[in-house]
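Student: 3D, please:
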Amino acid sequence: MKKDLSYLKKDRKDREEQRVLNNFYTKQIKKGKTTRADIMDKISLGVGILILLVLILNRLINNFIISLILSFIIAMIIGIYVKKISLEIRRKKIEEFKNEYKIKLEEEKVLSANEDIEDYIIDRYYEKKSELKSSFNFLSKDKIFKLYFLFIVFYITAYFSTYPTYYKIMGVISFLMATFIGSYNLTEYIRKKDNKDLLNRDNDV
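Tutor: Below you'll find the model as predicted:
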């Protein structure tokens, strides 16, 4: 029983540390952007590409359902290849950053030559885990309002378009995205305000 608990604790700690490292590298590579924000950008880009594919295919074959299915298939194939390429590029950038960062810390006499850079990053994280930073927005309120406005525009357009189903679907997607982001921001604000999220994986290292 004790071994199982010990294993679970170690596994939980390993996963937490990996999240910290992933987020730290993402912030360096993406110039301060958090992992969650980067994921949302990719989702937004994917939705944009999907909509564009649907519009193009629908004009060509004049069948919305078939256009939507084909667009999903094409988008998935593109996504698989893009993910493979982006992961390889990310790996190379992380290695370059680790080498440059370690050299910088060694020059500043913060890190010795035999110390591991990732251990240093993790140690810094645990030193600061009790310090709550000012609340951040998952996406700005402005973008949330824009998504709700887009939902209204799509729904109004549906009543004047020959493809009402398409515009209603896009409207629902916009509404759900805005609601999800708004709910997330509210939850994070409450958690930080109550000072309970001391292990927030998005804190700077």
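
Student: assign the spatially most central residue of the chain to helix, strand or coil.
Tutor: Nearest to the geometric centre of the chain sits I39, at 2.3 Å (CA atoms, centre = their mean). Put simply, I39 is helix when judged by DSSP: H, G, I helix; E, B strand; the rest coil.

Student: state the helix or strand in which L68 lies.
Tutor: Here L68 sits within helix 64-107, counting by DSSP states H and E.

Student: just list what that helix packs against, helices and strands only.
Tutor: helix 2-29, helix 35-61, helix 117-128 (3 or more CB pairs under 8 Å, 6 or more residues apart in numbering; DSSP states H and E). For every residue, glycine as well, the C-beta is placed using N, CA and C.

Student: between these, which has the poorest mean confidence score?
Tutor: If those are sorted by mean pLDDT, helix 2-29 sits at the bottom with a mean of 74.

Student: how many degrees apart are that helix and helix 35-61 in direction?
Tutor: With axes from the mean of the first three to the mean of the last three CA atoms, to 10 degrees defining the directions, helix 2-29 sits at 70 degrees from helix 35-61.

Student: what about helix 2-29, distance to the chain center?
Tutor: Centre-to-centre, helix 2-29 and its host chain are 18 Å apart (CA atoms, centre = their mean, to the nearest Å).

Student: so that helix versus helix 64-107, what angle?
Tutor: For helix 2-29 against helix 64-107, the angle by the same axes, to 10 degrees is 90 degrees.

Student: could you number the chain from 54 rather than 1 from now on?
Tutor: Renumbered: residue one is now 54, and that last one reads helix 55-82.

Student: please parse the chain into its domains.
Tutor: 54-181, 185-258 (automatic domain parsing).

Student: hmm, back to that, so which of the helices and strands packed on helix 117-160 gets nearest F228?
Tutor: helix 88-114 (13.0 Å; CB to CB).

Student: show me what that closest one is packed up against.
Tutor: Contacts defined by 3+ CB pairs under 8 Å, 6+ apart place helix 88-114 against helix 55-82, helix 117-160, helix 217-246.

Student: and that helix, what's buried?
Tutor: Using 16 or more other CB atoms under 10 Å as the test for burial, helix 88-114 gives T88, R89, A90, M93, I102, L103, I104, L106, V107, L110, N111.

Student: got it, and stretch 124-141?
Tutor: S124, A128.

Student: and it, average pLDDT?
Tutor: 88.

Student: list the contacts of it.
Tutor: G99, I102, L103, L106, V107, L110 (CB atoms under 8 Å, 6 or more residues apart in numbering).

Student: pull the contacting residues for the fourth one.
Tutor: Taking CB under 8 Å, 6+ apart as the criterion, L106 is in contact with S120, L123, S124, I127, A128.

Student: possible to save those as TSV with distance to D169?
Tutor: Output for those, formatted as TSV (distance: CB to CB, whole Å):
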residue	distance to D169
S120	52
L123	49
S124	46
I127	43
A128	40
